[in-house]
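Trainee: Below: sequence and its predicted model.
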Amino acid sequence: MNRTLVSRLPLLFLICLVATYFWFYSSSSILNEYGSYKPEWPLLIDTFITLPLICYVFLTDKKQATIKAIAYCALLILFGAYFIPAQQKFIWHSLEQARYLVMASVLFIELVVVASVIAAIKADLNTCTDPDESLIAPLKRWLKSGPVFNLMQFDMRMWVFCLFANKIKSENYIGEQHFWYAKKDDAKGNALGFIFLMAFEIPIAHLVLHFAWSPLAANVISLLSIFGLVLFIGEYRAMSRRPISLTQTHLIVRYGIYNPLYIPLDNIETISPHNEFVPRSNEVNRYNFSGVPNIEIKLINQIDKKSKIYLGVDDPSSLINALNNKI
């Protein structure tokens, strides 16, 4: 059986459990005595015995199995809190209260981990190593490559540029030649204007939502807006510090706080000027903050299912000439 499919079996089993018990607790059939008997014990067994066993049997990494088992159990407890009838709950009431303790513990652990990673990155940034490598090194101690790893490095890069951008030196990035994109169509100025607009809007929107709708909704939306503001600040500060770089073997596309894209030079079919709008597509990657991209790169072999890369840079002719000389 495909290894990737095997690793996803616990998640598939969780989805099947949720669908099955949603039907069981929200319908009337012979299985629940036509709606009169909807006990908690079947879900208890599947939550604390069956699902953890599935995780440990099908996941070879026992640390990952433990983390997923705890997370999936917490999700099922939350599910049961809403769908098990109140009169059928005996043990579930205690579990509902315990979930807050679990959530607080997980949040505390996450904060400790993030603080440790930031401290390690801050120390590494004082050296002359590539800042992207300084970012990835602590994460590799905790995570393996994959979607979670990619998301975490994006998230940590956002915080690093927001908090420690002054410690990042552009010349430390790997590459023989560096190319920039902050001045194209005044991308950096537009970003700064948007940051001021968001900072002005957040407290006003919070007050309006607090009195016109709900304090809880106001707090949630304000927290999400603050997170978005942090993201834009990190993006703004990265524009003038994180370059697109050319090495002997690769074009390294770093754009704002996006994860870097490594394009082997021998995989580039053509590179040419571009001046038209590029619509979203599953076959293209666009690295451009404003206006239209001014460079088109066609690949021989796809990278992450993308056959074309579009860039928006300050001086497209310099990058095109440098790449053509290398190729």
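Mentor: Structure's in. What do you need?

Trainee: drop to CA atoms for contacts and neighbour counts, all remaining ones
Mentor: Fine.

Trainee: Just want the most central residue of the chain.
Mentor: The centroid of the chain falls nearest to residue 151 when counting by CA atoms, centre = their mean (3.0 Å).

Trainee: Now do the buried residues in the helix or strand containing that residue.
Mentor: Secondary structure from DSSP states H and E places residue 151 in helix 147-164. Using 16 or more other CA atoms under 10 Å as the test for burial, helix 147-164 gives 149-150, 152-164.

Trainee: Show me what that helix is packed up against.
Mentor: Where contact means 3 or more CA pairs under 8 Å, 6 or more residues apart in numbering; DSSP states H and E, helix 147-164 is packed against helix 92-125, helix 131-140, helix 215-239.

Trainee: ok, residue 68 - contacts?
Mentor: The contact partners of residue 68, by CA atoms under 8 Å, 6 or more residues apart in numbering, come to residue 55.

Trainee: SS state for it?
Mentor: Per DSSP: H, G, I helix; E, B strand; the rest coil, the secondary structure class of residue 68 is helix.

Trainee: Now do the strands in the stretch 201-327 of the chain.
Mentor: With DSSP state E, counting those that start in this stretch, the ranges of strands along the stretch 201-327 of the chain come out as 244-246, 250-253, 261-264, 268-273, 284-287, 295-303, 306-311.

Trainee: tell me the average confidence for the helix or strand just after the helix holding residue 151?
Mentor: Using DSSP H and E, the next helix or strand after helix 147-164 towards the C-terminus is strand 177-179. Throughout strand 177-179, pLDDT has a mean value of 95.

Trainee: next one: stretch 10-27
Mentor: What stretch 10-27 shows for mean pLDDT is 88.

Trainee: What residues of that stretch count as buried?
Mentor: 10, 11, 14, 17, 18, 21, 24, 25.

Trainee: wait, what's in contact with the third one?
Mentor: Residue 14 makes contacts with 51, 72, as judged by CA under 8 Å, 6+ apart.

Trainee: and if you look at the second one?
Mentor: With contact taken as CA under 8 Å, 6+ apart, residue 11 is in contact with no other residue.

Trainee: what about stretch 234-249, start to end distance?
Mentor: Distance across stretch 234-249, first residue to last, is 29 Å (CA to CA, to the nearest Å).

Trainee: swap in stretch 169-177?
Mentor: End-to-end distance of stretch 169-177: 15 Å, with CA to CA as the criterion.

Trainee: ok, residues contacting it?
Mentor: If you take CA under 8 Å, 6+ apart as the criterion, stretch 169-177 is touched by 128-132, 241-243, 245-248, 252.

Trainee: mind listing what's buried in it?
Mentor: Neighbour-count burial for stretch 169-177, counted by 16+ other CA under 10 Å, picks out 169, 171, 173, 174, 175, 177.

Trainee: how near is residue 37 to residue 260?
Mentor: Residue 37 sits 55 Å away from residue 260, taking CA to CA as the criterion.

Trainee: now the helix holding residue 151, how far from the centre of its chain.
Mentor: 8 Å (CA atoms, centre = their mean, to the nearest Å).

Trainee: quick one, what contacts the closest residue to residue 203 other than its chain neighbours?
Mentor: Counting by CA to CA, 6 or more residues apart in numbering, residue 203 lies nearest to residue 222, which is 7.9 Å off, once chain neighbours are set aside. Residue 222 makes contacts with 202, 203, 205, 206, as judged by CA under 8 Å, 6+ apart.

Trainee: Now pLDDT too, for those, in a markdown table please.
Mentor: As requested, the contacts of residue 222 are exported to a markdown table (pLDDT from 0 to 100):
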| residue | pLDDT |
| --- | --- |
| 202 | 92 |
| 203 | 91 |
| 205 | 90 |
| 206 | 90 |
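
Trainee: Among those residues, which one lies nearest to residue 297?
Mentor: Proximity of the contacts of residue 222 to residue 297 (CA to CA) peaks at residue 202, which lies at 39.5 Å.

Trainee: What is the burial count for the closest one?
Mentor: 18 (other CA atoms under 10 Å).

Trainee: Per-residue pLDDT of the residue lying closest to it once chain neighbours are set aside, please?
Mentor: Nearest non-adjacent residue to residue 202, counting by CA to CA, 6+ apart: residue 222, 6.4 Å away. Note on residue 222: pLDDT of 89.

Trainee: ok so, going back, of all the strands of the stretch 201-327 of the chain, which lies closest to residue 320?
Mentor: Closest to residue 320 of the strands of the stretch 201-327 of the chain is strand 268-273 (CA to CA; 6.5 Å).
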